[in-house]
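**Q** show me the folded form of this:
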Amino acid sequence: MRDITTQDRNIAFLIFGLLLACYLFTYTGVIDSSDGLSMFATAESIVRRGEIDTNQLLWMGLQQGSFGPDGELYSRKGLGMTLLALPLIWLAKLWPAIGLAQAAMLLNPLLTAFTGALLYRFGRRLDWTRSTALATALIFGLATLAWPYAQTFFSDPVCGWALFAAFYGLLSYSQTGRKRYLLLSGLAWGIAYLARTINLVTLPVFVLGLLVVLRHREAVRRPIRLSTVADFLTLFASQWRPMISFLLPILLSGLVSLWWNWLRYGSVWDSGYVASETFSANWLVGISGLLIGPARGLIWYSPVLLLGTLGGRWFWQKARWVLGMVLAISLIYLLVYGKWYMWHGGYSWGPRFLVPLMPFLALLTGPGWERLLQWSWGGRVLAGLLILLSVAVQWLGMLIPYSLVQDWLAGAVEPLFAPETFWQLGYSPLLLQWRFLQAANIHLAWWRNGLFDWFGFIMPV
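**A** Sure thing, here's the model as predicted:
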């Protein structure tokens, strides 16, 4: 398949609408993290006062911000999330019936639903059947950590959307040769970088993916190798326009990031992070904790992703470069965040730092899902059980605030984030969450003080 048909565009739009409806159904309108408050405070200051400080969070001290040379408190977070939320907050300021924070909280539902639509289109570009592409999009949107994180104002869903959109742009260019896809791909990657600077580590993977795509397109005209510097120069001489289309928005995002540092802290190299925030964790502990640990292991929070082990074979045979990029990005994320001093993500539900990988890992489940359905009734039952279990886990995390369990752990075990809380089964949030699952604790916008709220149901923001 070389381009998306009108029917597929319509189906992708319907997927966006369906997922957005589901996310609005579980919308809370409450920023429940210090990270989210810090990014929202920057946007609020811009809209209300034309400033970029976060002095309204002085009560938090240096938890999420640092003082600039002018004595003002500034968020340490990247500019990307703030920029994307600004239009929503400005609109809310013009419409007093909607709170600024509640409007900002629409960002992740919108972009996560958008990611699901992109997954469908990605599957169709790989010549999957519509049913397989649809199943893949819904697996991502409803059976992985993507859903509970659509409730939040963390930047992880934004990073997942932007990185996957950049990936989709490379695939689209490889099939159509339209340079606008590379321009949009570079722009999307730039947004991921501005949202979280650590995404810079993924740039070599995307550049290598671009070179593979350009080599394939050039090989149609003449044989070409990439084994020497001369080969790369030859490729650049013939394909410099596509390369510039991809790299220009990336360069601009880098300059914007440096300008943002200078604007806050008076130096282009100072991002405000403090000395205690380091890559100092035990690598084995961090990686195993993110994958299989009873408290934050991905396998427990999105078991449906196990279907990707079956789908990998299809990608190896049909789209090896796509598989290579998915595995490379996933490995980089594991290595980077497995070494981060707070590899577990602090107050959060499941392995928060792996949320940007959800669309990439969900992509691998498509062929696995189709393969199971072709088996006997046992394969269908297995696929159905994985889906049901995964959806149930997402709902467990969405119905009540995950902070209830984290607050209980903080009081029961010292110090905060003690190692045993991540490795002893009895301390797993997947078990403790049931203890607080009461009507009074449900924090959905349409449920107030244990009662159904029709106004909140109809107009959650």
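
**Q** count the neighbours of S280 for me.
**A** By other C-beta atoms under 10 Å, the residues close to S280 number 10. C-beta here means a position set from N, CA and C on the backbone, and glycine is covered the same way.

**Q** ramachandran angles for it?
**A** S280 adopts backbone torsions of phi -130, psi 10, taken as degrees, to the nearest 10.

**Q** quick one: residues contacting it.
**A** By C-beta atoms under 8 Å, 6 or more residues apart in numbering, S280 lies in contact with K339, Y341.

**Q** ditto for W90
**A** V47.

**Q** repeat that for 10 Å
**A** A43, I46, V47, L100, A103 (C-beta atoms under 10 Å, 6 or more residues apart in numbering).

**Q** who's in contact with F436?
**A** Residues near F436 by C-beta under 10 Å, 6+ apart: L399, I400, P401, Y402, S403, L404, V405, D407, W408.

**Q** roughly how far apart are it and F40?
**A** Using C-beta to C-beta, to the nearest Å, F436 is found at 26 Å from F40.

**Q** so what does the nearest residue to S348 once chain neighbours are set aside have for phi and psi?
**A** Leaving aside its chain neighbours, S348 sits nearest to Y402 (6.7 Å; criterion: C-beta to C-beta, 6 or more residues apart in numbering). Y402 adopts backbone torsions of phi -70, psi -20, taken as degrees, to the nearest 10.

**Q** check L255 too.
**A** With angles defined as degrees, to the nearest 10, L255 sits at phi -70, psi -40.

**Q** same thing with D70?
**A** Dihedral angles for D70 - degrees, to the nearest 10 - are phi -90, psi 0.

**Q** doesn't I52 make contact with it?
**A** No: using C-beta atoms under 10 Å, D70 is not in contact with I52; the gap is 11.0 Å.

**Q** what about the two, which has more around it?
**A** Using other C-beta under 10 Å as the criterion, D70 and I52 rank with I52 on top: 19 against 10.

**Q** pLDDT score for that one?
**A** As predicted, I52 sits at a pLDDT of 96.

**Q** list the contacts for it?
**A** Counting by C-beta under 10 Å, 6+ apart, I52 touches 41-43, 45-46, 68, 72, 74-75, 79, 82, 260, 263-264.

**Q** report the two of the residues you listed separated the most.
**A** Spatial extent of the contacts of I52 (C-beta to C-beta) is set by the pair A43 and G68 at 17.6 Å.

**Q** quick one, which of those two is more surrounded?
**A** A43 (27 against 18).

**Q** about what we covered before: contacting residues for the residue nearest to S348?
**A** By C-beta under 10 Å, 6+ apart, the contact set of Y402 is 32-33, 148, 151-152, 347-350, 352, 396, 429, 432-433, 436.

**Q** any idea which of these is closest to T197?
**A** R352 (16.7 Å).

**Q** so what's the closest residue to that closest one other than its chain neighbours up against?
**A** Distances taken as C-beta to C-beta, 6+ apart put G345 closest to R352, at 3.4 Å, once the chain neighbours are dropped. Counting by C-beta under 10 Å, 6+ apart, G345 makes contact with S33, D35, F154, D156, L290, R296, Y337, P351, R352, F353, L354, V355.

**Q** right, I'll leave it there.
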